[in-house]
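A.B. asks: can you look at this prediction? I've put the sequence above it.
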Amino acid sequence: MRWVVPTVRSGRYTPRTMRTYAWKTVDRWSQTLIPTAREVPAEAVIQSHQLMLRAGLIRQLTAGIYDWLPLGWRVMHRVMNIIRQEMADAGAIEVMLPAMIPMDLMEKTGRDVAYGPNLFRLNDRHGRPSCLGPTHEEVIVELVKGYVSSYKQLPLNLYQLQAKFRDEFRPRFGLLRCREFMMKDAYSFHTTVEGPGGLDETYDRMYTAYERIFDRAGLDYTVVEAEAGPIGGSASHEFMVNSEVGEDTILKSDKGNYAANMERCDIGERSSSLDGPPTAEIEPVHTPNLPGIDDVAAFLRIEPSDMLKTLVCRGDDGVWTLGVVRGNHDLNESKLKQAAGVSQLELADDAAAREAGFAIGFVSPRVASKMDDVRLFIDPDAAQDRLWVTGDDRADYHVRHFNWRRDTGDVLDTDRVQVADIRNAQDGDPSPRNDGGVLRESKGIEVGHVFKLGSKYSDALGLTVSDDHQRQIPVVMGCYGIGPGRIVVSAIETHADDDGIVWPSEIAPYDVLITPIKWEGEMRETATRLADALGDAGLDVLIDDRTERAGVKFKDADLIGIPIRLTIGDKALAQGCVEFKRRAESGRGELVKIEDVVARCNTG
RNA sequence: CGGGGCGUAGCUCAGCUUGGUAGAGCGCUUGCUUUGGGAGCAAGAGGUCGCACGUUCAAAUCGUGUCGCCCCGACCA
């Protein structure tokens, strides 16, 4: 199957089909810990973080480290239950792996270096270095290597759901970016990419399972193409909740048939030409003490889009690789890497580039004609017949009226110069489907990621299996992550109003909140009896048995957002009724006969 | 890692400029009244003013250092 069209989905209402735990839950508010707060804690900036603190879901212990309080932990349990159910349906099997990983294992794949300071490191009493697992590729490969030696044992898809650790330099936005966080990570193992039992098959099943999970959690999300990785093609998709507070930038075609992460997003065809005749003489300008493109543009009273920016990179083949983009565009290193056909490429070290003769900060495309061992890639928007402002290849000078053909010359016709899509896409760019669609920029919270890993880890750690001819063959892998904490955050971001949280029914901490106006007499008896009956019917119930005034109970009820509230008061009781109200609906609620309440709560 | 802000009661904050026995609201405890959308009155409990050193007769307040938290940017999944 092929990954067709990343679609924009919105949550649908799903009746709940399971309890949070295997047993009946009827909790009393006075016997649990739900510390609601009227005032907004100073440290919280985004709505979900504020509400999570005010509703008593979480508490910060230190930067990026949180306690899960009873209410929040129940939500997490429901999210994890959904994940476990869908993993089971997709054929994945759960394991539990250590949080602590010996450093030498990480060294074998080079991820000790790759993660760098983001790795939580510690030493045991013997001085042996370890780290707290940021993910578990190495550990799972080591495990599979120990027990799987034949192609007959594959495919295999194992997952874990547990705390992971990253020493983020700057944790922020509450649970959105923290240092200890729950994560579901699945790893699949195959002998082939295509065909039955192959990586593609499992990838597709996981993709579908992810859609079910995020639908059931009530999220409004977009599936986007993400960085391709070692296998290429549609080898990676991210599941992005559409939200202003998201840290990722995504681009969607307004035709609705393409979406991608900004780092990955291709840009549609653009016309270009390097051959127009010059209409003015090239002219140097003294531009001292102007550190950025914007500063130079302001000084010359032009727009950044009137300038050419030349970035000096170097590939792992050692060749200087220059990318030319318009002043208001950003170079995309991975696109440049692909265009250059090298496996590694990075922005050149300033000192090394200066030594090689580049006037860093003032480089112009003309260096391609002055130096032989240089290749030049020009973004189509920079490859235009017009006069440009660009660097003068000497410190503190730019030039006006740069013309490609006149000022760069015959090198343009050599294979050292190419026009290619080498920049980040941005709002307003043409869709890569080339169907007239225009890309629109928005923000997303990454809640899931499916990725075809290939044999990177199995190769590094020596995992192979025998095929049917006794040959050792490599194992290809996929990995599939979900952030349950981010699901909770995202759900609140999209399902809240001025009064508090409005939980999607499947991940609500309880199904029904029973609010007796007074905790005494017939109100108390009815509340207890109803709670018991609802519990027997498979619903999770919370009774607000506090001796608070009704107003306080109602305000707290709205804040914690349980989908159904049953209010028990004298007037309704006199008619043999209680008041049934959905959190998601405004208005007064309706009277329901006591004997009909269970059915009413169950049918929705 | 660069820039900015903040550490005073469980929470939100005032007091600091100009040094002189630590305050308010919310929450908490007790009593009375009230009782269907965050009640009223009264009486209380609760703080090494992040920490250390220094200046001073005297430091929440001034100085130096340090730790912690938040935000912007850079970085990263």
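C.D. replies: Thanks, I have the structure now.
A.B. asks: stretch A:572-586 and RNA strand B, are they touching?
C.D. replies: Yes: Stretch A:572-586 reaches RNA strand B (C-beta under 7 Å from any atom of the strand) through A:572, A:579, A:581. For every residue, glycine as well, the C-beta is placed using N, CA and C.
A.B. asks: can you list the residues you listed in JSON lines and add secondary structure?
C.D. replies: Below are the residues of stretch A:572-586 next to RNA strand B laid out as JSON lines (DSSP: H, G, I helix; E, B strand; the rest coil):
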{"residue": "A:Ala572", "secondary structure": "helix"}
{"residue": "A:Glu579", "secondary structure": "strand"}
{"residue": "A:Lys581", "secondary structure": "strand"}
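A.B. asks: tell me the one of the residues you listed nearest A:Leu300?
C.D. replies: A:Lys581 (64.2 Å; C-beta to C-beta).
A.B. asks: can you list the residues of stretch A:572-586 next to RNA strand B in a markdown table and add pLDDT?
C.D. replies: A markdown table is the format used below for the residues of stretch A:572-586 next to RNA strand B (pLDDT from 0 to 100):
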| residue | pLDDT |
| --- | --- |
| A:Ala572 | 95 |
| A:Glu579 | 97 |
| A:Lys581 | 96 |
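A.B. asks: output these in a markdown table; the columns should cover distance to A:Asp317 and neighbour count.
C.D. replies: A markdown table is the format used below for the residues of stretch A:572-586 next to RNA strand B (distance: C-beta to C-beta, whole Å; neighbours: other C-beta atoms under 10 Å):
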| residue | distance to A:Asp317 | neighbour count |
| --- | --- | --- |
| A:Ala572 | 79 | 22 |
| A:Glu579 | 74 | 18 |
| A:Lys581 | 68 | 21 |
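A.B. asks: closest one to A:Asp295 out of the residues you listed, please.
C.D. replies: Taking C-beta to C-beta as the measure, A:Asp295 sits nearest to A:Lys581 out of those, at 58.9 Å.
A.B. asks: residue contacts, that closest one?
C.D. replies: A:564-567, A:587-590 (C-beta atoms under 8 Å, 6 or more residues apart in numbering).
A.B. asks: can you check A:Leu376 too?
C.D. replies: Applying C-beta under 8 Å, 6+ apart, the residues near A:Leu376 are A:322, A:324, A:365, A:368, A:411, A:416-418.
A.B. asks: so it: helix, strand or coil?
C.D. replies: Following three-state DSSP, A:Leu376 is assigned to strand.
A.B. asks: tell me the pLDDT of it.
C.D. replies: Model confidence at A:Leu376, given as pLDDT, is 94.
A.B. asks: where does chain A get nearest to RNA strand B, which residue?
C.D. replies: A:Gly569 (1.7 Å; C-beta to the nearest atom of the strand).
A.B. asks: what residues are up against that residue?
C.D. replies: A:516-517, A:523, A:550, A:579.
A.B. asks: same deal with A:Gly391?
C.D. replies: So A:Gly391 contacts A:310, A:359, A:361-364, A:397-399 (C-beta under 8 Å, 6+ apart).
A.B. asks: distance check, it against A:Asn602.
C.D. replies: A:Gly391 is 71 Å from A:Asn602, where distance means C-beta to C-beta, to the nearest Å.
A.B. asks: contact residues of the stretch 51-200 of chain A facing RNA strand B?
C.D. replies: Residues of the stretch 51-200 of chain A lying near RNA strand B (C-beta under 7 Å from any atom of the strand): A:54, A:60, A:62-64, A:118, A:168-173, A:177.
A.B. asks: drop the exposed ones from those and show what's left.
C.D. replies: A:54, A:60, A:64, A:171, A:173 (16 or more other C-beta atoms under 10 Å).
A.B. asks: need the residues of the stretch 51-200 of chain A next to RNA strand B in a markdown table with secondary structure and pLDDT, can you?
C.D. replies: Formatted as a markdown table, those follow (DSSP: H, G, I helix; E, B strand; the rest coil; pLDDT from 0 to 100):
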| residue | secondary structure | pLDDT |
| --- | --- | --- |
| A:Arg54 | helix | 95 |
| A:Gln60 | strand | 91 |
| A:Thr62 | strand | 89 |
| A:Ala63 | coil | 89 |
| A:Gly64 | coil | 91 |
| A:Asn118 | helix | 89 |
| A:Glu168 | coil | 88 |
| A:Phe169 | coil | 83 |
| A:Arg170 | coil | 84 |
| A:Pro171 | coil | 88 |
| A:Arg172 | strand | 85 |
| A:Phe173 | coil | 86 |
| A:Arg177 | strand | 89 |
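A.B. asks: now the two most distant members of these.
C.D. replies: A:Arg54 and A:Asn118 (30.7 Å).
A.B. asks: in the stretch 1-150 of chain A, which spans are strands?
C.D. replies: Taking DSSP state E, counting those that start in this stretch to define them, one finds strands in the stretch 1-150 of chain A at A:8-9, A:26-28, A:58-62, A:65-68, A:93-94, A:100-102, A:120-123, A:129-132.
A.B. asks: among the contacts of A:Gly569, who's most crowded?
C.D. replies: A:Pro516 (27 neighbours; other C-beta atoms under 10 Å).
A.B. asks: quick one: least confident helix or strand in chain A?
C.D. replies: strand A:8-9 (a mean of 41; mean pLDDT, DSSP states H and E).
A.B. asks: I'd say A:Leu559 and A:Asp498 touch.
C.D. replies: No: counting by C-beta atoms under 8 Å, A:Asp498 is not a contact partner of A:Leu559; they are 10.6 Å apart.
A.B. asks: in which helix or strand would I find the spatially most central residue of chain A?
C.D. replies: Per C-alpha atoms, centre = their mean, the C-alpha nearest to the average position across chain A is that of A:Glu446, at 1.7 Å. Using DSSP states H and E, the element containing A:Glu446 is strand A:439-454.
A.B. asks: in its sheet, what does that strand sit against?
C.D. replies: strand A:236-242 (antiparallel), strand A:248-253 (antiparallel), strand A:476-482 (antiparallel) (DSSP bridges).
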